[in-house]
Structures are given as structure tokens and as C-alpha cells.
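S.K.: with the sequence up front, the predicted model follows.
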Amino acid sequence: MIYLFSDKKYEGVEHLPLIEIVFYDKKLSLNGFDALIFTSKNSVEAVDRLCPEWKHIEAFAIGEATASYIIQKGGKLAYTSKNAYGDEFAHSLIPLLATKKAYFPRAKEIVSLLPDILITEHIELFQEVLYETRCISYPKNVAPQTHSALIFTSPSTVTCFFKNFDWHESYKAIAIGHKTAAVFPLHVNCQIAQKQTIEACIALAKGI
């Protein structure tokens, strides 16, 4: 059995969402900004809920999934990072944002050093928390079957898994990236997908 801990269902795998996104209701004005930094689809959604004018500002995306969502929402995509890790994304933005005032909508908790990197490089950056991730609670009897492959799609899914369930030695863990893998307890060995996509994780799970 393959379990996918994501908010999105995929055919052929068991869907078990472990997190929920809570968007904040607040006033948002983007006057004076000429660059938006998006590190997830949730950050795009958060801004879109509060300020439709964002669509007229250049958007800088971390990877194809976020870029596609920007386009889907009618945004003005200016750049897509080929690397889906936050720190590498930040370094690629430095020359692009040198003369811009950037707005970074973010989650309450982040693992990336993106804002620190940009501020250190004297990029004019304003960051604001617009949403947070919360764990979904389950009874113990919903735990994945033994000998299953478990796909973790973010550091938060790892945290929320261990808040709900105990780790069985027969489980096979698959992480979508190095940031997610780093959150596992030391006694858990995990494999990392070659690409930071759910499709790549599912392919890996089917092969083990």
C-alpha cells in the first residue's frame, strides 16, 4: 500500500491528508511593491484572497507548480526557479531583485532561509505572515498499514504524522526533498525523490 500525505488526491494511492491550511483575513495593500515572491501555491492563494491587484505586479516563483498556479490565477509571471529549494531560490533572486521592492507572503513557520539571505544581500524586502499550517488529528486505528510506503510532501507532514501515529519498522518513508527528509527522527531512514514532485515520489514508492 502507498499512502500520500498531501492535500491533493492521486489515482492509485491512499490519500491521507495530515495538514490543513488556515488563511488569515486581514487588510493587504501592495502599493509601492514591484515584485512578489511566491514559494508555494498556498502563498499565491493567500494573496489572491486579499488583494486582486497582485496580478499586475511581477511574480517570482519557486518551481513549475507555483508558476503554473500564478498563471492560472491570472498573475504576471516574471521568473520561475529551476531549483525548488528555498535557499537556492533566494540566491537566484538576488540579481533579479537588486533594484526592486519585494513583498514575500509566507506561512507562520518556514524552514527556508530565503528572507535572511535576501536581506543580507541588501534586497528591499517586506515579509508578512498570511497563513499557517495546522495538523489534522486522527484516531490511532487510522494509522497506515504495516509494510506500506509513506510519501511525505513537506516538513509539516512529517511533524503531523508523528503527532498522530507511531512509526512501524516496516514502513518505507519517501520525502519530496531534503528539507522534508531533515525533519525525520534519527531512527527513520527515508529515500528522497529525484525531483521535487508528487509524481516522482509516487514513482519511487512503486519501485520499492
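M.R.: Yes, it's here. Numbers count the residues shown, from 1 in each chain.
S.K.: and the next helix or strand past the longest strand seen in the chain?
M.R.: Taking DSSP state E as the criterion, the chain has its longest strand at strand 124-135. Next in sequence after strand 124-135, counting helices and strands by DSSP states H and E, comes strand 149-152.
S.K.: partner strands of that following strand, parallel or antiparallel?
M.R.: strand 2-5 (parallel), strand 172-175 (parallel) (DSSP bridges).
S.K.: contacts only, for the spatially most central residue of the chain.
M.R.: The residue lying closest to the centre of the chain (C-alpha atoms, centre = their mean) is Ser40, at 5.0 Å. By C-beta atoms under 8 Å, 6 or more residues apart in numbering, Ser40 lies in contact with 62, 66, 107. In short, each C-beta sits where N, CA and C put it, glycine included.
S.K.: equivalent analysis for Cys201, please.
M.R.: By C-beta under 8 Å, 6+ apart, the neighbours of Cys201 are 4, 151, 153, 174-176, 193.
S.K.: out of the residues you listed, which comes closest to Ile119?
M.R.: Ile119 lies nearest to Ile176 out of the contacts of Cys201, by C-beta to C-beta, at 27.1 Å.
S.K.: skipping adjacent residues, who's closest to the closest one in space?
M.R.: Using C-beta to C-beta, 6 or more residues apart in numbering and skipping residues adjacent in sequence, the residue nearest Ile176 is Thr153, 4.9 Å away.
S.K.: save the strands paired with strand 149-152 as a markdown table, and put in mean pLDDT, mean neighbour count and distance to Ser137 too.
M.R.: Below are these laid out as a markdown table (pLDDT from 0 to 100; neighbours: other C-beta atoms under 10 Å; distance: least, C-beta to C-beta, whole Å):
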| stretch | mean pLDDT | mean neighbour count | distance to Ser137 |
| --- | --- | --- | --- |
| strand 2-5 | 97 | 22 | 14 |
| strand 172-175 | 98 | 22 | 21 |
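S.K.: so which of those comes closest to Leu118?
M.R.: strand 172-175 (25.9 Å).
S.K.: neighbouring contacts of stretch 49-58?
M.R.: 23, 25-30, 33-36, 47-48, 73-76, 78-79, 100, 103, 130.
S.K.: how long is it end to end?
M.R.: Length of stretch 49-58, first residue to last, C-alpha to C-alpha, to the nearest Å: 18 Å.
S.K.: kindly report the same for stretch 91-111.
M.R.: 16 Å.
S.K.: wait, Phe165 touches Thr146, no?
M.R.: No - Phe165 lies out of contact with Thr146 (C-beta atoms under 8 Å); the separation is 11.6 Å.
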